[in-house]
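Participant: Sequence isn't available, so here's the structure alone:
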């Protein structure tokens with residue numbers, strides 16, 4: 001026996017402290033950030049990775065405003081980058097840079113460093129193989145870590 005849908009499915013929404021039952025159909029589709037409290041939108045955005053968070057902030061003015069103003073979102077992503085680039089993140093933060101600026105400055109560096117440390121480039125036979133890869137300047141301490149990782153392999 002199949003269940004037939006009679007009409008649009010109802011959705012239970014909590015808005016401004018009041019619960020309401022609303023019908024979802026094509027004409028009533030809304031931006032969730034317009035409907036939900038900002039704190040809930042921030043929690044939803046908190047499930048995104050750094051690249052997706054940056055893309056989401058370019059989706060509309062409201063999303064940009066919520067994401068841009070949430071230090072929590074940027075801190076959360078920046079702490080993931082810090083696991084790879086601790087010296088760089090700590091230096092930027094002690095220099096007074098915001099979590100967002102620190103993340104933007106160190107995100108690509110953390111990806112490149114991870115690739116080197118995990119051996120992605122262990123079997124590179126010429127510089128030409130690296131031309132299509134995104135690279136960033138790395139400090140001498142980082143190159144020392146990479147060299148040690150290569151020697152340990």
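Facilitator: The structure has been received and is ready for your questions. Predicted, not measured: the structure shown is a model, and the values here were computed from it. Numbers count the residues shown, from 1 in each chain.

Participant: Enumerate every residue touching residue 47.
Facilitator: Applying CB atoms under 8 Å, 6 or more residues apart in numbering, one finds that residue 47 lies in contact with no residue. In this view, the C-beta of every residue, glycine as well, is placed from N, C-alpha and C.

Participant: Check the one 3 residues further on too.
Facilitator: Contacts were defined as CB under 8 Å, 6+ apart; by that measure residue 50 touches 77, 80, 81, 103, 107.

Participant: For residue 49, give me phi and psi.
Facilitator: Dihedral angles of residue 49 (phi, psi; degrees, to the nearest 10) stand at phi -80, psi 170.

Participant: Find the nearest non-adjacent residue to it, please.
Facilitator: Counting by CB to CB, 6 or more residues apart in numbering, residue 49 lies nearest to residue 77, which is 7.5 Å off, once chain neighbours are set aside.

Participant: if I look at the most centrally placed residue in the chain, how far off is residue 38?
Facilitator: For the chain, residue 50 is the residue whose C-alpha lies nearest the centre (CA atoms, centre = their mean; 1.5 Å). Residue 50 sits at a distance of 21 Å from residue 38 (criterion: CB to CB, to the nearest Å).

Participant: picking that back up, model confidence for the residue nearest to residue 49, exactly?
Facilitator: We have a pLDDT of 94 for residue 77.

Participant: So what's the residue count around it?
Facilitator: By other CB atoms under 10 Å, 22 other residues sit near residue 77.

Participant: Quick check: it touching residue 53?
Facilitator: Yes: assessed by CB atoms under 8 Å, residue 77 is found in contact with residue 53 at 6.4 Å.

Participant: Understood, closing this out.
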